[in-house]
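[1] Coordinates only, no sequence provided:
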């Protein structure tokens, strides 16, 4: 039996999605919940390796059970949630063939990066946003955001030391919007390099602070130079919103 | 020296605003921060006694120092925040005469009650919303909300056993709006009885679930009978948004 799970989590307490020694991951806690539900062997493959402190509303994980199950797939969220802590929730489950691949079959992903742009930090958002006390020029950030659209070599927006075959990715949408005392950056693309969303957010913050001009984005992309882009913003501002298949 | 502080807090870890024995209150933590900042005697009076687990973005507290201070009032947030944990923040400070009274001089208060109306609970909102898995009819709730407007005897919406001279209050605005996977109830009034906002929210939930008709609100108010109104919704959905003077 194969099921695609939609998983939401508050990443604050975890070392990230991926199983690690000496730290508790979301994958491990979910694996434990599946172990308590089914007696057979199974595999669980996440679509995205979110980092420590990063949140998700639409992470996906592909569960393959080695034996047929009496539990119907639509009942999986209710059953698994009974074995999960309140900061992790299975929000939905869909029937997929075992040949389905949660990473390779993903068409695009949407992330949101939230910056609490307030003189003093909003305590209700402290685990769910980055903090920036200096005023951000959202209009300038929105202008700069347009220059990321399309297929580019995003080497300048990739954490150093990460090994990938190609640093070319396509950004389909990138929006910057003021929401109350926050600035939300929402990005959709066919895939993201390691820390790419957090570095794009850091670069847009530099635009918002007037440290670089919106049109500089073009040169920064062409440079392929990590030093030219902004700093990697902290993990707690990032949420994996949705993965499209 | 008299200063009116705007205080924001995540109420999750606290027994509420008001100082209590054997439990940590927001007032106590703020008092400790003031003690670390000033050597003189002082008084600190909050405008609203928020309950355990209730949040605030716009609580107000009146600080009177027994001696003149070298710290200018606009600098107070920065200085006090240096002695506060991240779940409590002083957001602003204003110069007010010592004759100012944070409770008696308040013209109106705005509260927001947030209900996560999702099949499964959004883990990012678990400390900042109530949870309702059954679909709520927001249009019906908005219709019912209008019947609360104006001056009424809200005895039916007051926690039993609370002692007040009068249960008459005026509701100036009451809005119900869908926000993502949440239903937000925002209410502004000249004052609120004990648990009044949480009982109004519970009554509007009954409307949203179709258990009572919107027009029943009229009779429930007239009845002055606590039993006729809905249940008291849990504290974590409630946020004190603003107090107007």
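    That came through fine. Since the structure is predicted, the reported quantities are computational estimates derived from the model, not experimental observations.
[2] Quick check: beta-bridge partners of residue A:93?
    Counting by DSSP bridges, residue A:93 forms beta bridges with residue A:5.
[3] Return the distance of it relative to residue A:42.
    Separation of residue A:93 from residue A:42 (C-beta to C-beta, to the nearest Å) stands at 14 Å. For every residue, glycine as well, the C-beta is placed using N, CA and C.
[4] Between these two, which has more neighbouring residues?
    Here residue A:93 and residue A:42 are compared on neighbour count by other C-beta atoms under 10 Å in any protein chain shown; more neighbours surround residue A:93, at 23 against 17.
[5] The nearest residue to residue A:162 once chain neighbours are set aside: how many residues sit nearby?
    Distances taken as C-beta to C-beta, 6 or more residues apart in numbering or on different chains put residue A:194 closest to residue A:162, at 4.0 Å, once the chain neighbours are dropped. For residue A:194, the neighbour count with other C-beta under 10 Å is 17.
[6] Helices of chain A, start to end?
    Here chain A has its helices, by DSSP state H, at A:26-37, A:76-81, A:138-146, A:196-208, A:216-223.
[7] Need the contact partners of the third one.
    Helix A:138-146 has contacts (C-beta atoms under 8 Å, 6 or more residues apart in numbering or on different chains) with A:174-178, A:183, A:185, A:203-205, A:207-208, A:210, A:214-217.
[8] ok, what's across the strand from residue A:116?
    Beta-bridge partners recorded for residue A:116 (DSSP bridges): residue A:131, residue A:182.
[9] For it, list the residues it contacts.
    A:122, A:125, A:126, A:129, A:130, A:131, A:132, A:181, A:182.
[10] rerun that using 7 Å as the cut-off
    Applying C-beta atoms under 7 Å, 6 or more residues apart in numbering or on different chains, we find residue A:116 in contact with A:122, A:125, A:129, A:130, A:131, A:181, A:182.
[11] What pLDDT is listed against the residue sitting furthest away from the middle of chain A?
    Distance from the C-alpha centroid of chain A peaks at residue A:70, with 32.8 Å (C-alpha atoms, centre = their mean). On pLDDT, residue A:70 comes in at 88.
[12] any idea how far it lies from residue A:79?
    The gap separating residue A:70 from residue A:79 is 11 Å, by C-beta to C-beta.
[13] coming back round to it: for residue B:239, which of the helices of chain A is the nearest?
    Nearest of those to residue B:239, taken as C-beta to C-beta: helix A:138-146 at 24.3 Å.
[14] tell me the angle that closest one makes with helix A:196-208.
    Orientation of helix A:138-146 against helix A:196-208 (axes from the mean of the first three to the mean of the last three C-alpha atoms, to 10 degrees) gives an angle of 140 degrees.
[15] quick check: mean pLDDT across helix A:138-146?
    For helix A:138-146, mean pLDDT rounds to 98.
[16] Okay, buried residues for it please.
    A:138, A:140, A:141, A:142, A:143, A:144, A:145 (16 or more other C-beta atoms under 10 Å in any protein chain shown).
[17] Compute the inter-axis angle for that helix and helix A:216-223.
    Here helix A:138-146 runs at an angle of 30 degrees relative to helix A:216-223 (the same axes, to 10 degrees).
[18] picking that back up, got the contact list for the residue nearest to residue A:162?
    A:158, A:159, A:162.
[19] I'd like to know the phi and psi angles of the last one, please.
    Backbone torsions of residue A:162, given as degrees, to the nearest 10, read phi -80, psi 140.
[20] how many neighbours does it have?
    Counted with other C-beta under 10 Å, the neighbours of residue A:162 add up to 11.
[21] which of the contacts of residue A:194 lies closest to residue A:225?
    Using C-beta to C-beta, residue A:158 is the member of these that lies nearest residue A:225, at 10.8 Å.
[22] Find the nearest non-adjacent residue to residue A:103, please.
    Excluding the flanking residues, the one nearest residue A:103 by C-beta to C-beta, 6+ apart is residue A:47, at 5.6 Å.
[23] That neighbour against residue A:243, yeah?
    Yes - applying C-beta atoms under 7 Å, one finds residue A:47 in contact with residue A:243, separated by 5.1 Å.
[24] shared neighbours, those two?
    A:60, A:106.
[25] Which one's more surrounded, these two?
    residue A:47 (26 against 21).
[26] and the more buried one, what does it touch?
    A:59, A:60, A:61, A:102, A:103, A:106, A:243.
[27] go with 8 Å
    Shown in contact with residue A:47 (C-beta under 8 Å, 6+ apart): A:59, A:60, A:61, A:62, A:102, A:103, A:106, A:109, A:243.
[28] looking at it, the fifth one is touching residue A:63, isn't it?
    This means residue A:102. No - judged on C-beta atoms under 8 Å, residue A:102 makes no contact with residue A:63 at a distance of 9.8 Å.
[29] ok, those two, which is more surrounded?
    Higher neighbour count among residue A:102 and residue A:63: residue A:63, with 25 against 21, using other C-beta under 10 Å.
[30] Identify the residue nearest the more buried one in space, chain neighbours excluded?
    Using C-beta to C-beta, 6+ apart, the closest residue to residue A:63 is residue A:3 (4.8 Å).
[31] number of nearby residues for that neighbour?
    22.
[32] surely it meets residue A:95?
    Yes - counting by C-beta under 8 Å, residue A:95 is a contact partner of residue A:3 at 6.5 Å.
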